[in-house]
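Undergrad: Mind looking at a prediction? Sequence and model below.
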2 protein chains.
Amino acid sequence: MSELPNFDNILSAYSRIKNQVKRTPILSSMSVNEILNCNVFFKCENFQKVGAFKFRGASNAVLSLDNSKIRNGVATHSSGNHAQALALAASMQGIPAYIVMPNNSPKVKSDAVASYGGKIIYCEPTLQARELTLENIVQQTDAFFVHPYNNFYVICGQGTAALELLEETSDLDIVMTPVGGGGLLSGTSITVKAKSPNTLVIAGEPSGADDAFRSFYTGQLIPSVNPKTIADGLLTSLGSMTFQIITQNVDRIFTVSEDSIINAMRIIWERMKIIIEPSSAVPVAAIMENVDFFRNKRIGVILSGGNVDLGKLPF
Amino acid sequence: MSELPNFDNILSAYSRIKNQVKRTPILSSMSVNEILNCNVFFKCENFQKVGAFKFRGASNAVLSLDNSKIRNGVATHSSGNHAQALALAASMQGIPAYIVMPNNSPKVKSDAVASYGGKIIYCEPTLQARELTLENIVQQTDAFFVHPYNNFYVICGQGTAALELLEETSDLDIVMTPVGGGGLLSGTSITVKAKSPNTLVIAGEPSGADDAFRSFYTGQLIPSVNPKTIADGLLTSLGSMTFQIITQNVDRIFTVSEDSIINAMRIIWERMKIIIEPSSAVPVAAIMENVDFFRNKRIGVILSGGNVDLGKLPF
């Protein structure tokens, strides 16, 4: 069992990355508060570089690793925000990033990775092909594999968003994030339990990809099989590290329907005039599905990202 | 000729409305700056209450007028953001707002006005019908007509967005707004010329509704005939007051194509993850069409609003 990160590690991560990441604003909306029957403070990681919180974790990984380890670059397999984040973080350090992507990835995603300087290696769209291709790349290039979430430094970096949130708000009853692989939720939970022990940490998860919910309530790590949700950032399952941290720190996980996710996303777009991806709408959907639980609470919600294909909106 | 507002009037407006309007954030984006080849500070009035700067002017009008004048309410004809803004400002004072709207207005707009407590009176979709219907309403109800832009108090309210912009930025070379009826541009120009005399005030205007451009450069007020543009907030023509103020204070007006507006709008949505309406994209389009003029400048851009029909996007 590898060592789990603690709050000091997150503070170190913050001093390492704070000049490289954007300090994103915290926005509120009276009309959203009226709709949700509570006071919500939205930490806008959709405004983060590469459009997602993932840049925090990738930056911390690249800046934490020994020069000797990463002088030949970093590598990962991802078709999502972690790929873009690692590509940008690596290029800011002047090292290559090798990104293994399934050959059916949308062009908009591969274009984004390429625009941040990532070197793309395509593979068949199966998990096996992705892992094998990554292994080959790592052997060929001696690049260092940075896992999208089950990585000490990545988790620490993700925990810095909550740090900024708690610095600028007070007396939060609850802090919420979505949960996919659990990197954001893990880092957030460490920060919140250290800085504000009475604040609950609660996650929202799509019913169609509810491995964290099932793992959390059974105490057994149960990965998703064929997960399906519009929240494409949340298709991944918890890893060994994130499962442990979440089991220790998180107070509750709510699952939500696809309709609620789309409805919540539309409300945020229309009322707040900000673009969030479906994954970001999941905690808002959880509030909407559990009105009595959240009524009149002061809630910090980390909006995880804003990368959507404007040509394919669900409304 | 009625008296024109000065900077003191704008300061008074600000002390009157500042507890009622939202202090909107100023956002920047490295990737947008790279695309535009300059440093842009976006004043996000798309996040203002009712989703547009119009709430500033409407609030100031309602809060400035003698109780005796407005105890029977206020009235206007508009199908756009001013209608929503006046409805909300009136309801916050507990007085009725009578809004004359063409009977072909999109339901999303009449729903919005109704949701802010406005009383809607439909008319035929001609300027004549609108003015006649408004006249009748004013006679029947003794409500006070608040013009959408050619009104002393409305102009003063609109000038408060630039006040906040200049408080939070320094050494701006240029401040830009779109121009339709000219309320925002007028108010902005008074503020900027008083607080930062060396800063240029520049407007963007759609080529298909270029009455301000033609009026400004000929020195004659020439209203648009059959204006056509996707920037639906800019179909109106300058009024007598706004024309005078703009002639005195504004340094330049650039016209832009429809393609540029859509392109600029898409860049702001994709790179900044914020929702702006086409009118807000017009100054950005002007920067994109005149790269050499704006190169390396520090530019404040007032994003006028974010009210779009998500079901009818131009991309």
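TA: Sure, I can see it.

Undergrad: any idea where the strands of chain A begin and end?
TA: Taking DSSP state E, the strands of chain A run over residues A:26-27, A:39-44, A:74-77, A:97-102, A:119-123, A:144-145, A:174-178, A:200-206, A:252-256, A:298-303.

Undergrad: Tell me which of those sits nearest to B:Thr24.
TA: strand A:26-27 (9.9 Å; Cβ to Cβ). In short, each C-beta sits where N, CA and C put it, glycine included.

Undergrad: strands paired with that closest one, and their directions?
TA: Partner strands and pairing direction for strand A:26-27 (DSSP bridges) are strand A:39-44 (antiparallel).

Undergrad: any idea of the mean pLDDT in the strand it pairs with?
TA: On average, the pLDDT along strand A:39-44 is 98.

Undergrad: Which one of the residues in the stretch 151-300 of chain A is closest to chain B?
TA: Closest approach of the stretch 151-300 of chain A to chain B (Cβ to the nearest Cβ) occurs at A:Lys273, with a separation of 3.5 Å.

Undergrad: Wait, that residue touches B:Lys49, no?
TA: No - if you go by Cβ atoms under 8 Å, A:Lys273 and B:Lys49 don't touch, sitting 11.4 Å apart.

Undergrad: The residue of the stretch 1-150 of chain A found nearest chain B: neighbour count?
TA: Residue nearest to chain B within the stretch 1-150 of chain A (Cβ to the nearest Cβ): A:Asn46, separated by 4.5 Å. When counting by other Cβ atoms under 10 Å in any protein chain shown, one arrives at 26 neighbours for A:Asn46.

Undergrad: Over to A:Ser237?
TA: 22.

Undergrad: show me what contacts it?
TA: Applying Cβ atoms under 8 Å, 6 or more residues apart in numbering or on different chains to A:Ser237 gives the contacts A:Gly181, A:Asp211, A:Ala212, A:Pro223, A:Ser224, A:Pro227.

Undergrad: swap in A:Ser28?
TA: Here A:Ser28 is in contact with A:Asn39, A:Val40, A:Phe41, A:Phe42 (Cβ under 8 Å, 6+ apart).

Undergrad: Who wins on neighbours among those?
TA: For these, neighbours tallied by other Cβ under 10 Å; top is A:Phe42, 26 neighbours.

Undergrad: I figured that residue hits A:Met272, correct?
TA: Yes - taking contacts as Cβ under 8 Å, A:Phe42 lies within contact range of A:Met272: 7.3 Å.

Undergrad: What parts of chain A come near chain B?
TA: Residues of chain A found near chain B (Cβ under 8 Å from any Cβ of the partner chain) are A:25, A:27, A:30, A:44, A:46-47, A:49, A:51, A:266, A:269-270, A:272-276, A:306, A:310-311, A:313, A:315.

Undergrad: Buried ones among these?
TA: A:25, A:27, A:44, A:46-47, A:49, A:51, A:269-270, A:272-276, A:306 (16 or more other Cβ atoms under 10 Å in any protein chain shown).

Undergrad: Pull the most distant pair out of those.
TA: A:Lys49 and A:Glu270 (25.9 Å).

Undergrad: mind listing the helices for the stretch 51-200 of chain A?
TA: Ranges of helices in the stretch 51-200 of chain A, per DSSP state H, counting those that start in this stretch, are A:54-64, A:67-70, A:81-92, A:107-115, A:127-141, A:152-158, A:160-168, A:183-195.

Undergrad: residues in contact with the nearest residue to A:Met176 once chain neighbours are set aside?
TA: Distances taken as Cβ to Cβ, 6 or more residues apart in numbering or on different chains put A:Pro283 closest to A:Met176, at 3.9 Å, once the chain neighbours are dropped. With contact set as Cβ under 8 Å, 6+ apart, A:Pro283 has these partners: A:Met176, A:Thr177, A:Pro178, A:Ile202, A:Ala203, A:Gly204, A:Val301, A:Ile302.

Undergrad: Could you do A:Lys18 as well?
TA: A:Thr160.

Undergrad: Got phi/psi on it?
TA: phi -70, psi -20 (degrees, to the nearest 10).

Undergrad: My guess is A:Val74 contacts A:Ala61. True?
TA: Yes - using Cβ under 8 Å, A:Val74 is in contact with A:Ala61, at 7.4 Å.

Undergrad: Spit out the residues that contact these two alike.
TA: A:Leu86, A:Val146.

Undergrad: Now do stretch A:216-227: distance to the chain's middle.
TA: 18 Å (Cα atoms, centre = their mean, to the nearest Å).

Undergrad: go on, stretch A:29-41?
TA: Worked out by Cα atoms, centre = their mean, stretch A:29-41 lies 23 Å from the chain centre.

Undergrad: which regions of chain A sit below the pLDDT cut-off?
TA: Low-confidence regions of chain A, defined by pLDDT under 70, span residues A:1-2.

Undergrad: middle-most residue in it, spatially?
TA: A:Leu184 (4.6 Å; Cα atoms, centre = their mean).

Undergrad: how near is the nearest residue to A:Gly187 once chain neighbours are set aside to A:Asn9?
TA: Leaving aside its chain neighbours, A:Gly187 sits nearest to A:Gly159 (2.8 Å; criterion: Cβ to Cβ, 6+ apart). Computed as Cβ to Cβ, to the nearest Å, the A:Gly159 to A:Asn9 distance reads 8 Å.
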